[in-house]
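> Sequence first, then the predicted structure:
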Amino acid sequence: MIQMQSEPRRVQRRQGECCSLRAIFRATKTRRTRRKHEGNSRYEFFFVSHFVLFVSSWLFVLNGCTITNERQPARYFGPTQTMQQVIATVNANNSLIPTLHGKGSFEATIKFEGESHYVNGDILLLYGQPVSLRLVGKKVTNNVFDIGSNGDIYWVIAYPPVDKMWWGHHDRPRVADVELPISPQSLVEVLAVQSIPIDLLHEPAPVMRFNNDYDAYMIVWNELLSDRWIAHKEVWYDRKTKLPMNVLLFDENGRVVVRAYLSKYKPVEIEGAPKERGPMVATYFQLMFPDTGSKMTIDLSDHVALKFKNAPTGASFVFPGENAGISHMKSLDAKAPMTNPQ
């Protein structure tokens, strides 16, 4: 009886031992498998993370180089020319541009009288030395605006739905309480195709300095007021080409009222010379008016020449007046103060 009872116990003990061994084996196998997977995971994580870090680093370097090159201009510390030499080169180009005829497109956001107006379309630019300008914008077949100036009168016409005209004389003071959407006088100076007077002591008197960081000559024109000198205009000229890059116009307190970027220069054909040797003119203008927040882009990529079908002529810059068909016309000429009769 004792032997019969002890045998099952041995069997049970052996079975328990076998189960224990199987459990230990399974646990050991599971731990090995887990360690193997963990090792593989750690290796994969190490490899992937370092690969991503490597690629990211190179992308950052390449990206950084690209951004740096775009934002930071090439500096120049070599020899430069005198102001007389720079002006002579500028005048050699601009003297060959007595007139200009350009066609292309425009895009503008005009903020005026508390409202913001976005408009785009086709544009016609006419210019005649020294201050004649005509800038006509159209949307399909409808006129959008007409900005002009001649030796006597300047004007700004905004066609319906605005339906307003502002005009005045160059030689008369302007009323102070009227804000123009865009100044015709400013556009003439932004074109930067006028010849620079060689009398450097005549007002507005030019002063030049060289900007090493932007590799450009900077000429500032100054005017004398009753109590101080003020900066009127600043033009940046590329050192190599002597072509205008930036034009800034200031008010009496030195605030920028117009900022313009000029680019995409093209030669225009002149009689007796191949086109590639003609004078260079900008065909892309980016204008900003910081005080109002207005912006305008002019692209003359369609066509640019000194003349086209004999235009422009003197008749191109005649003040439209009532012929424009505008309902609201306002003169910007300030009235002379009344004097008491003696």
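Perfect, I can see it now.
> Find me the pLDDT at the residue nearest the centre of the chain, would you?
By C-alpha atoms, centre = their mean, the chain has its centre lying nearest to Gln286, at 4.6 Å. pLDDT for Gln286: 97.
> I figured it hits Thr297, correct?
Yes: with contact defined as C-beta atoms under 8 Å, Gln286 reaches Thr297; the gap is 5.5 Å. Heads up, the C-betas are built off the backbone N, CA and C, glycines and all.
> Helix, strand, or coil at the residue nearest to the centre of the chain?
Per DSSP: H, G, I helix; E, B strand; the rest coil, the local secondary structure of Gln286 is strand.
> residues near Met296, how many?
23 (other C-beta atoms under 10 Å).
> which stretches of the protein have low pLDDT?
Within the chain, the ranges that satisfy pLDDT under 70 run 1-73, 336-342.
> now the helices: where do they sit in it?
Secondary structure of the chain by DSSP state H: the helices cover 2-71, 83-94, 184-191.
> Contacts made by the last one with the rest, please.
Helix 184-191 is touched from outside by 100, 127, 131, 133, 135, 147-149, 154-156, 170, 194, 233, 247, 249, 257-258, 260, 262, 282, 285, 287, with contacts defined as C-beta atoms under 8 Å, 6 or more residues apart in numbering.
> end to end, how far does stretch 309-329 reach?
32 Å (C-alpha to C-alpha, to the nearest Å).
> got the buried residues for it?
Of all the residues in stretch 309-329, those buried under the rule 16 or more other C-beta atoms under 10 Å are Pro312, Ser316, Phe317, Ile326.
> List the contacts of the nearest residue to the first one once chain neighbours are set aside.
What that stands for is Pro312. The spatially closest residue to Pro312, leaving aside those adjacent along the chain, is Leu126, at 4.0 Å (C-beta to C-beta, 6 or more residues apart in numbering). The contact partners of Leu126, by C-beta under 8 Å, 6+ apart, come to Thr99, Leu100, His101, Gly102, Ser132, Leu133, Arg134, Leu135, Ala311, Pro312, Ser316, Phe317.
> Reformat those as JSON lines; add distance to Ser331.
Supplementary listing: the contacts of Leu126 in JSON lines, determined by distance: C-beta to C-beta, whole Å:
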{"residue": "Thr99", "distance to Ser331": "29"}
{"residue": "Leu100", "distance to Ser331": "29"}
{"residue": "His101", "distance to Ser331": "30"}
{"residue": "Gly102", "distance to Ser331": "30"}
{"residue": "Ser132", "distance to Ser331": "21"}
{"residue": "Leu133", "distance to Ser331": "20"}
{"residue": "Arg134", "distance to Ser331": "20"}
{"residue": "Leu135", "distance to Ser331": "21"}
{"residue": "Ala311", "distance to Ser331": "28"}
{"residue": "Pro312", "distance to Ser331": "25"}
{"residue": "Ser316", "distance to Ser331": "23"}
{"residue": "Phe317", "distance to Ser331": "19"}
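> for the residues you listed, which one is nearest Tyr76?
Closest to Tyr76 out of those is Leu100 (30.6 Å), distances taken as C-beta to C-beta.
> who's the closest one bridged to?
Per DSSP bridges, the residues bridged to Leu100 are Tyr127.
> For it, give me its contacts.
Leu125, Leu126, Tyr127, Gly128, Leu191, Val193, Val268, Val281, Val304, Ala305, Leu306, Pro312.
> rewinding a little: just the ones of the contacts of Leu126 in strands?
Counting by DSSP state E, these place Thr99, Leu100, His101, Gly102, Ser132, Leu133, Arg134, Leu135 in strands.
> out of these, who's nearest Ala216?
Leu100 (23.6 Å).
> Check the spacing between that closest one and Ala305 real quick.
8 Å (C-beta to C-beta, to the nearest Å).
> Could you do Ser195 as well?
19 Å.
> Check Asp146 too.
Applying C-beta to C-beta to Asp146 and Ala305 gives a distance of 21 Å.
> Equivalent analysis for Val144, please.
23 Å.
> Which of these two has more residues huddled nearby?
Val144 (22 against 18).
> The more buried one touches Tyr118, doesn't it?
No: in this structure Val144 lies outside contact range of Tyr118 using C-beta under 8 Å: 11.3 Å.
> who touches Asn222 in this structure?
So Asn222 contacts Glu203, Pro204, Ala205, Pro206, Val207, Trp229, Ile230, Ala231, His232 (C-beta under 8 Å, 6+ apart).
> let me redo that: Gln194
Counting by C-beta under 8 Å, 6+ apart, Gln194 has contacts Asn94, Gln129, Pro130, Val188.
> Mind giving me the PyMOL command for buried ones among those?
Buried members of the contacts of Gln194, defined by 16+ other C-beta under 10 Å, are picked up in PyMOL with:
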select buried, resi 94+188
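> Just put the contacts of Gln194 in CSV and tack on distance to Arg239.
Below are those laid out as CSV (distance: C-beta to C-beta, whole Å):
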residue, distance to Arg239
Asn94, 18
Gln129, 26
Pro130, 26
Val188, 25
